[in-house]
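*Asks:* Mind looking at a prediction? Sequence and model below.
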Amino acid sequence: MMMLQQPTAHTPGPNPGLVFELMIGPIRMAVLDTTLKMDMADILAEHTEPEAIARALGVETDRTNLVYFLDAMAAMGFAEKQNGAYANTPFAESYLRKGSPSYLGGLVENLSNMQHRNLGRIPELIRQGPPEVDTRNKLDGEEMWKQSVRHLASYQKAGMADHVAGLVASLPEFPAMKRMLDMGCGPGIMCMATVSRHPDLQGVLCDLPPVMEVAREEIAAAGLLDRVTTIDGDYNEVDFGQGYDLIWASHTLYYAKDLDAMAARVHAALNPGGVFISFHEGLTCERTQPAGVVLSRLSLALEGQDVSFEQGEIASHLPGAGFASVEVRTLMLPMGPMELIIARKRG
């Protein structure tokens, strides 16, 4: 009698393909950087044939290499190619054209400086420790935010503000809300998007003076001068008032000097039944995940500017401040999973 051998479960071994995928990373970044620096998306909006594209570049151009690069843009999803002609994809139209309100070129340049500036000297920093950080690159400095706030506005307009506004509008407390504070607001686009969804909601923006200059421009451009006001100053020190139904803090609590004290101030500033929402990353697996957050902040961490929160870290400071309930959710964003905390003051 023949005995049939039972199949055994196959456990896949290490995948060497990962090495090849990783090696493509710098090439992808180079294609994106060149696309932005040469205004290729703006050119493709007007010209489709390689000869016309070459003329629009306004410099001596090798047609063969231009086509190779245009093909790389198509491989990246920046362009479409048909019968030898090229056109922008919807992605390029939205995020890579300078005339678009959601143009991300400035944000890419700013984030590249933060995320990439130390990559060539990782061995040196491992041996010698954090270097002296230029004032312009310090995360808690006004100079850095003055340079980056306009780019942040484009990011918030690229869908983030609408996402936040929809999230807030889904709260059962939203219809009765009258006043909200966006603490560490940046350009304030998220607050303005939320206010625009509620006819009776007034917004207050609080951030450093150079940041608020840009925020006031955005308020005027949005036609919300009668509904959104501003407070200039460091939220650790400035009096941001009381009587709020909602306080929002997104990617800003890194600069709170004392989280317990800040939680107590926020609680005191809320009306009974008010809501505090925190939106930050929450690192897991002994601070090794999510990979996108950990890797994007490696350069900053190596120079002594590790600001990432661990999962549950912010929430742990809220019950002691008097919040009656603390709800934690995980939301997926383009940069990876983020921790959304909704804390409610007793009514």
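*Replies:* Sure thing, it's come through. Residues are numbered from 1 along each chain as shown.

*Asks:* who does the helix or strand containing Leu36 touch, helix- and strand-wise?
*Replies:* According to DSSP states H and E, Leu36 maps onto helix 17-37. In terms of contacts (3 or more Cβ pairs under 8 Å, 6 or more residues apart in numbering; DSSP states H and E), helix 17-37 is packed against helix 63-76, helix 105-116. All C-beta atoms are positioned from the backbone trio N, CA, C, and that covers glycine.

*Asks:* and the very next helix or strand once past it, how far out from the chain's middle?
*Replies:* Under the assignment DSSP H and E, the closest C-terminal helix or strand after helix 17-37 is helix 40-44. Helix 40-44 sits 25 Å away from the centroid of its parent chain (Cα atoms, centre = their mean, to the nearest Å).

*Asks:* swap in stretch 236-255?
*Replies:* Relative to its parent chain, stretch 236-255 has a centroid offset of 19 Å by Cα atoms, centre = their mean.

*Asks:* Would you mind listing the buried residues in it?
*Replies:* Under the neighbour-count criterion of 16 or more other Cβ atoms under 10 Å, stretch 236-255 has 240, 244-250, 252-253 buried.

*Asks:* Among these, which ones are in strands?
*Replies:* 244-250 (DSSP state E).

*Asks:* What is the most widely separated pair among these?
*Replies:* Asp245 and Ser250 (17.3 Å; Cβ to Cβ).

*Asks:* In which helix or strand does Ala193 reside?
*Replies:* With DSSP H and E as the criterion, Ala193 is inside helix 189-195.

*Asks:* List the contacts of that helix.
*Replies:* Contact with helix 189-195 is made by 153, 156-157, 160-162, 164-165, 168-169, 180, 182, 185, 201-205, 218-219, 222, 224, 227-228, 248, 250, as judged by Cβ atoms under 8 Å, 6 or more residues apart in numbering.

*Asks:* The next helix-or-strand element following that helix packs against which elements?
*Replies:* Using DSSP H and E, the next helix or strand after helix 189-195 towards the C-terminus is strand 202-207. Counting contacts by 3+ Cβ pairs under 8 Å, 6+ apart, strand 202-207 is packed against strand 179-183, helix 189-195, helix 209-221, strand 228-232.

*Asks:* if you average pLDDT over the third one, what comes out?
*Replies:* So the one you mean is helix 209-221. Mean pLDDT, computed over helix 209-221, is 95.

*Asks:* Against which helices or strands is it packed?
*Replies:* Using 3+ Cβ pairs under 8 Å, 6+ apart: helix 209-221 touches helix 142-155, helix 189-195, strand 202-207, strand 228-232.

*Asks:* can you check the last one too?
*Replies:* The criterion is 3+ Cβ pairs under 8 Å, 6+ apart, and the helices and strands that strand 228-232 contacts are helix 189-195, strand 202-207, helix 209-221.

*Asks:* quick one: least confident helix or strand in the chain?
*Replies:* When the helices and strands of the chain are scored by mean pLDDT, DSSP states H and E, helix 142-155 comes last with a mean of 86.

*Asks:* Show me what counts as buried in that helix.
*Replies:* 144-155.

*Asks:* which residues sit against that helix?
*Replies:* 101-104, 106-107, 109-110, 135-138, 186-187, 189, 207-211, 214-215, 218.

*Asks:* one more time with 7 Å, if that's ok
*Replies:* Residues outside helix 142-155 that contact it (Cβ atoms under 7 Å, 6 or more residues apart in numbering) are 102-104, 106-107, 110, 135-138, 186-187, 189, 208, 210-211, 214, 218.

*Asks:* that's a strand at Ala343, yeah?
*Replies:* Yes. Under DSSP: H, G, I helix; E, B strand; the rest coil, Ala343 sits within a strand.

*Asks:* follow-up on the earlier one: make CSV out of the buried residues of stretch 236-255 and add pLDDT and distance to Leu22.
*Replies:* CSV is the format used below for the buried residues of stretch 236-255 (pLDDT from 0 to 100; distance: Cβ to Cβ, whole Å):
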residue, pLDDT, distance to Leu22
Phe240, 94, 45
Tyr244, 98, 46
Asp245, 98, 47
Leu246, 98, 42
Ile247, 98, 41
Trp248, 98, 37
Ala249, 98, 35
Ser250, 96, 31
Thr252, 96, 32
Leu253, 97, 32
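
*Asks:* nearest to Gly312, of the helices and strands packed on helix 209-221?
*Replies:* So among those, helix 189-195 is nearest, using Cβ to Cβ, at 23.7 Å.

*Asks:* Return the backbone torsion pair for Ser325.
*Replies:* phi -150, psi 150 (degrees, to the nearest 10).

*Asks:* is it true that Val31 touches Ala74?
*Replies:* No. Applying Cβ atoms under 7 Å as the test, Val31 and Ala74 come out as separate, 10.3 Å apart.

*Asks:* Show me how the protein divides into domains.
*Replies:* Domain segmentation of the chain under automatic domain parsing yields 25-99, 122-344.
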